[in-house]
Structure formats: C-alpha cells, structure tokens
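Chemist: Got a predicted model here, sequence first, then my questions.
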Amino acid sequence: MKTLTASPGLITRIGAPISVMVAGVVALVMVACALLASRIAPYDPTDLASFDLINAELPPAFSADGDPRFLLGTDNQGRDLLSAMLYGARVSIAIGGGAVLVAATIGVFLGLLAGYYGGKVDAVIMRVADVILSFPTILLALLVSGIARAVLPGAATAEWAPVILICAIAIHEWVQYARTVRAATMVETAKEYVRAGKVIGLPSRRIMLRHILPNVMSPVLVISTINLAAAVLTEATLSFLGVGMPPTYPSLGTLIRIGNEFVFSGIWWIALFPALALVILVVAVNLVGDWLRDRFNPKLRVKR
C-alpha cells in the first residue's frame, strides 16, 4: 500500500492563494477604515477642541492605568491614538496612491514614446532615467522636498505638504514604469497589427493609445500594486525624518516620529501601534503585489 505525500509544490500552490486572500482582505479593511476615518474615529485629531493635555500620555485601555475612552491610549498632546492612526493611515495611503498614479502616468507616457519612436527620443528619455536612478529614492525625495519647502512660503508649507510628498516620491518611481512599458512597446511595435496600422495611415497617437497601450498595461498594474507599499513606506520615512506631514496633520510616519521621542521614557504605545499598522499594511500590499506579479508572468504560468 502506497503512502500519499504532498509535494512542496502542491503545498505552495494550495497555501499561496489562502495567504494572498488573507493579505488582500487585511489590506482592503485597512484602506476602508482609513477612508472612513471621519465616520468611525472616536475623535477628530485635527480638531484642537477634541483633546486635552490633561489626557496626555495615557496608556492603552487594556493596561492597568488605561482609560476606557482611549482604546490605544493617547499621545503627548492628549490626542486619541486610535483616531490619529485612522486619520494618519488615510493621509499615508492617499499620498502613496497619488504618488503611484503620478509616477505611472508619467512613466507610461514616456515609455510609450521611447519604445515606439526609438532613436534619439529613446536615448534622451533613457539617459534621463539613468541619471535619476543614480540617486537613492530617499535622497532624491529629500532633495525635492527641501527645494519645494524653500520656494514655498512658510504659511503654505502645511497646505502643500501632500503635493510636495507626492512629487518627491513620484519623481524617482516613474523610471520603473517607463522602462517596463518601453520594453513591452518595442515588442508590440514589431508585431503585424502595428505594422498594418502604419501601412493604412493611422496616426501614431492612435496606434499607441488605442492599440499598444492596452497590451502593455498588465505589468503596469502589477508594478503599481508593489510600488504602492513602497510609496507608503517612503512617505513614512520622510515624515519620520521631519520633512513630511506636519504634526497637526498626522500620518503614520509622523506618529512614529513623535512616539520615538518617548520610547525610552516607558511611553511605548505612541510609536508601537502606528509602526505595527504600517508594517501590516506594507506586508499585505506586498503579498498581493507578489502574487499578481507571479500570476501575470508567462514563464511562471508555463511552469504551473
């Protein structure tokens, strides 16, 4: 009588979809909570009248000295930490999503131009991309953010902070989209349907937008999912370094920066809970992105 054993590949095929489904549900729940922060948050952390310094640095409600009004405790200003995290997650996700949208739009446009026309157009775009890639993401974002804050007046810095962060992140991330779309466009341009369109006199703009673009969007969607987690993490890093969102409009990175100043004083919850939320969000989005990458990879589909 033979004993049936499951191969590692079978376990991987069975286990991966479950982990991806869990990660997808977690990511959707966190995004939904962030979008509905104004409705489900117990307090408004942007309203000065909603918090009191008397309630500052209260531990979580499940601690011995906790206050049941504040489930995750309060920060150094007396703000409800749960409410600040919900609003902060909304800011972080909005900035990350905006940066991905801007980077994808610029990268897809330039990638189409480079792949379709080639020659000098391709050379100029790719050399600019090489120069941008020579700078680390955080260093380039710090440079762009610093220049923007020096140009804008101090009163407008808080209002323009989300736009500055989106531009600072997108200016580096568009290169990946441009390179991917360029390679896919060069493959599509050599196919018969593109040659036929050129022969019958279709405008280049129509060929690129209506015929080539739909066929190169699959890798763009995968890259966008993965880059969303990276953009959220970059925004948190910039806010942690003090060049992101101001404390009056908290993001997850700002909350971690504030809490980091009190960690060694025993007030651990201000930094711990926002950091856990950031880690869970980034890991969940990365798992979904990795699955999409494998799903749309023809080589991996052949192996299955």
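Modeler: Received the coordinates, thanks.
Chemist: Can you tell me which residue sits nearest the middle of the chain?
Modeler: Within the chain, one residue has its C-alpha closest to the average C-alpha position: by Cα atoms, centre = their mean, that is residue 228, at 2.5 Å.
Chemist: Where does it fall, secondary structure wise?
Modeler: Mapping residue 228 onto the secondary structure by DSSP states H and E places it in helix 217-240.
Chemist: For the next helix-or-strand element following that helix, C-alpha coordinates in CSV please.
Modeler: Where DSSP H and E defines the elements, the next helix or strand beyond helix 217-240 is helix 252-260. Listed in CSV are the C-alpha atoms of helix 252-260, where the atom choice follows Å, rounded to 0.1, in the frame of the first residue of the first chain:
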residue,chain,number,x,y,z
LEU,A,252,1.8,57.1,10.3
GLY,A,253,5.3,58.3,9.9
THR,A,254,4.7,61.4,11.9
LEU,A,255,3.1,59.4,14.7
ILE,A,256,6.1,57.1,14.8
ARG,A,257,8.5,60.1,14.9
ILE,A,258,6.5,61.6,17.8
GLY,A,259,6.4,58.3,19.7
ASN,A,260,10.1,57.7,19.1
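Chemist: for the record, mean pLDDT for the next helix or strand along the chain from helix 252-260?
Modeler: The C-terminal neighbour of helix 252-260 among helices and strands, as given by DSSP H and E, is helix 269-295. What helix 269-295 shows for mean pLDDT is 88.
Chemist: Now helix 269-295: buried residues?
Modeler: Burial within helix 269-295, assessed by neighbour count using 16 or more other Cβ atoms under 10 Å, is assigned to 269-275, 277-278, 281-282, 284-292, 294. (Glycine included, C-beta is placed from N, CA and C.)
Chemist: quick one, it and helix 252-260 angle?
Modeler: Relative orientation of helix 269-295 versus helix 252-260 (axes from the mean of the first three to the mean of the last three Cα atoms, to 10 degrees): 150 degrees.
Chemist: Let me know the angle separating helix 269-295 from helix 217-240.
Modeler: Counting by the same axes, to 10 degrees, helix 269-295 points 160 degrees away from the direction of helix 217-240.
Chemist: Spell out which residues sit in contact with the closest residue to residue 218 other than its chain neighbours, please.
Modeler: If the residues on either side of it in the chain are set aside, residue 218 comes closest to residue 296, at 5.0 Å by Cβ to Cβ, 6 or more residues apart in numbering. Contacts of residue 296 were listed using Cβ atoms under 8 Å, 6 or more residues apart in numbering, and they are 218-219, 221-222.
Chemist: give me the low-pLDDT residue ranges for the stretch 101-250 of the chain?
Modeler: Flagging of the stretch 101-250 of the chain using pLDDT under 70 yields the residue ranges 153-158.
Chemist: Now do the helices in it.
Modeler: Using DSSP state H, counting those that start in this stretch, the helices of the stretch 101-250 of the chain run over residues 119-133, 137-151, 154-189, 192-199, 204-206, 217-240.
Chemist: Of all those, which one comes closest to residue 39?
Modeler: Each of those was checked against residue 39 via Cβ to Cβ, and the shortest separation belongs to helix 154-189, namely 21.0 Å.
Chemist: got the buried residues for the closest one?
Modeler: For helix 154-189, the buried set under the neighbour-count rule, 16+ other Cβ under 10 Å, comprises 161-162, 164-182, 184-185, 188-189.
Chemist: before we move on, what about stretch 26-33?
Modeler: Neighbour counts using 16+ other Cβ under 10 Å place 26-27, 30-31, 33 of stretch 26-33 among the buried residues.
Chemist: mean confidence score for whatever helix or strand residue 29 lives in?
Modeler: Taking DSSP H and E as the definition, residue 29 sits inside helix 8-35. Here helix 8-35 scores 73 as its mean pLDDT.
Chemist: All set, thanks.
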